[in-house]
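Provided below for reference: sequence and predicted model.
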Amino acid sequence: MGIVTGSPAAGPLLEHLFRRQAGRMLAHFTRLLGPAHLSLAEDAVQESMLRALQTWPNTGVPENAAAWLFRTAHNVAIDALRRNRLLGEKTDSLVAELSRSAIVLPGDPDSEEQLRDDELRMIILCCHPALSRDASVSLSLKTVGGFSVREIARAFLADEAAIAQRLVRAKRQLRESSLTFEMPRGAELQDRLVSVLDVLYFMFNEGYAAHEGEMLIRQDLCLEALRLGRLVASSSISTPRVDALVSLMALQAARLPARVDDSGNLVQLEFQDRTRWDWNLIALGYQYFDRSMVGDDVSEYHLQAAIAATHARAPDPHSVDWPVILSLYDQLLALNSSPVVALNRAVALSKVQGAEQALVVIDRLDRDPKLGDYHLLMAVRGHLLEEVGRKGEAAACFRAALALPCSEPERRFLKRKLAESAY
Amino acid sequence: MSQYVLLLHSDPKSWAAMSPDEMQKAVEKFMAWSKKPFTVGGKRLADDAGRVMRGSNGQTRTTDGPYSESKEVVGGFFIIEAANYEEAVERCQDHPTLEYGGSLEIRQIWGS
């Protein structure tokens, strides 16, 4: 026939190969072209994947698939620049720059180092203070994370159009503020690091929040936040606080597989099957926790990681060191007097001093307007009332919690509690 | 056994919103399909609309390809073996192009 071009190579592609390479390609092109041309870079990256789709079924997967994608995206970007003369006089120098850098080879140590640095700068750029936190999270996921608008919308339970709009605005802001891809220095770098950690922590929590369905994409969000945290932690700009956040995220993510039972119901920490925890992630969490202890900084991330580590250390739910956890919550509350922290502290207090004491604290919190429609306040209170045998009042609390906004798995959980306390 | 050409029509825009993960899944599906025992070969075509040449009264007129007005382009083709059109259609039921909103044009290669 003459058209058969060799049988396609066997073997599956690495999981998330495209997602990982898309993030790296985008960071790489943003360094070369500047943040103002993010869309051009995005188009080139997308086109490289489309060409893989059209080519690989006939030729097989190339030996270095990542390098193939990079090379293809380069060629696409160069063609687009030449065709549109987008950048006026700068076109020639950019084309020359792109042509020179076409030798980036994923897998090669020097290139890997450059690519890690590109990704790091990309995160730093996405967390620029000119952008809102929501915008930073979405932009980080879209660019370094390799998530699509649809996937981000699903993870946030948000409208696709709203996310798309948010990204368009964020990109325009990057363009209009003529931000550079340079690493900030000194105090500016320290400030930026604070907002990077804030964004990663928010990204993680969005994934961790107990929402119905879409478990996979939400878990991806947690793991992506963890991956980016480790990327920052392994760079020269890292501080012990970064290690503390990575430790916290690893220890929490370790519990993801045990948080939902086979029928999709939420499982409280004390009833979780500890054999389902990811012990590799727990080991990673400990490792980063040790690293975070260098220096004098005791941040909220440090304290929360210490709480998570204390839970992980207990061989079974009955041997959790609650006095230690309570004292960590005391310190956390001193740093951040949020009613949500106070509520969590009350749970620890109930384990150390009994439910009656904790109820006194909860009753005070009850008057905090910030917790007005927080269903967990009512849920915790119901739980404590149940413990001291005040079943009728407990049932009323679960009923009140059910009337507030909460996710489906939480709703099912509260209904179960209500049924238990009502009979 | 006869041979059939499958012309793959699709709208390039339909791929633009897909995430890298989804693109990878699509690549895997197309690759899996190309390994079916009845697939003889295939090629990708360039992404432009190509050129159409017409001759009339001894003159040749060349224009941009036939697709400039339509949103679908032929992105590539496969060649498969089948006993007849019925079987060819049957064998293409699960072609990933269809799953991704494109269309397949099946033509028997004459004399095969």
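Perfect, thanks for sending it.

Just list the residues touching A:Y288, thanks.
By Cβ atoms under 8 Å, 6 or more residues apart in numbering or on different chains, the contact list for A:Y288 reads A:233, A:243-244, A:246-247, A:250, A:305. For the C-beta atoms, the positions are set from N, CA and C on the backbone; glycine is no exception.

So out of everything in the stretch 151-300 of chain A, what residue is nearest chain B?
At 5.3 Å from chain B, A:E151 is the closest residue in the stretch 151-300 of chain A, using Cβ to the nearest Cβ.

Count the neighbours of that residue for me.
Neighbour count of A:E151, defined by other Cβ atoms under 10 Å in any protein chain shown: 25.

for A:V294, same thing?
A count of nearby residues for A:V294, using other Cβ under 10 Å, gives 10.

Quick check: it touching A:P240?
Yes: counting by Cβ atoms under 8 Å, A:V294 touches A:P240, with 5.2 Å between them.

which residue sits closest to A:E119 in space, ignoring its chain neighbours?
For A:E119, ignoring the flanking residues on the chain, the nearest one in space by Cβ to Cβ, 6 or more residues apart in numbering or on different chains is A:A27 at 4.6 Å.

which residues does the one you found contact?
For A:A27, the contact set (Cβ under 8 Å, 6+ apart) comprises A:115, A:118-119, A:121-122, A:143-144.

Tell me where the stretch 51-200 of chain A is predicted with low confidence.
A:85-87, A:102-104 (pLDDT under 70).

Swap in 50 and give it another go.
Nowhere does the stretch 51-200 of chain A drop to pLDDT under 50.

residue contacts, A:L221?
Contact analysis of A:L221 by Cβ under 8 Å, 6+ apart lists A:141, A:155, A:203-204, A:206-207.

try 7 Å this time
Listed by Cβ atoms under 7 Å, 6 or more residues apart in numbering or on different chains, the contact partners of A:L221 are A:155, A:203, A:206-207.

from these, which is closest to A:P184?
Closest approach to A:P184 among these (Cβ to Cβ): A:M203, at 20.7 Å.

and the residue lying closest to A:S350 once chain neighbours are set aside, what element?
Spatially, and ignoring its direct neighbours in sequence, A:S350 is nearest to A:A358 (3.5 Å; Cβ to Cβ, 6+ apart). Per DSSP states H and E: A:A358 is located in helix A:355-365.

What helices and strands are in contact with that helix?
Other elements packing on helix A:355-365 under the criterion 3 or more Cβ pairs under 7 Å, 6 or more residues apart in numbering or on different chains; DSSP states H and E are helix A:339-353, helix A:375-387.

Pick the most deeply packed of those.
Ranked by mean neighbour count, those are led by helix A:375-387 with a mean of 22 (mean count of other Cβ atoms under 10 Å in any protein chain shown).

So which other helices or strands are in contact with whatever helix or strand comes next after it?
Toward the C-terminus, helix A:375-387 is succeeded by helix A:391-402 as the next helix or strand (DSSP H and E). Packing partners of helix A:391-402 (3+ Cβ pairs under 7 Å, 6+ apart): helix A:375-387, helix A:408-422.
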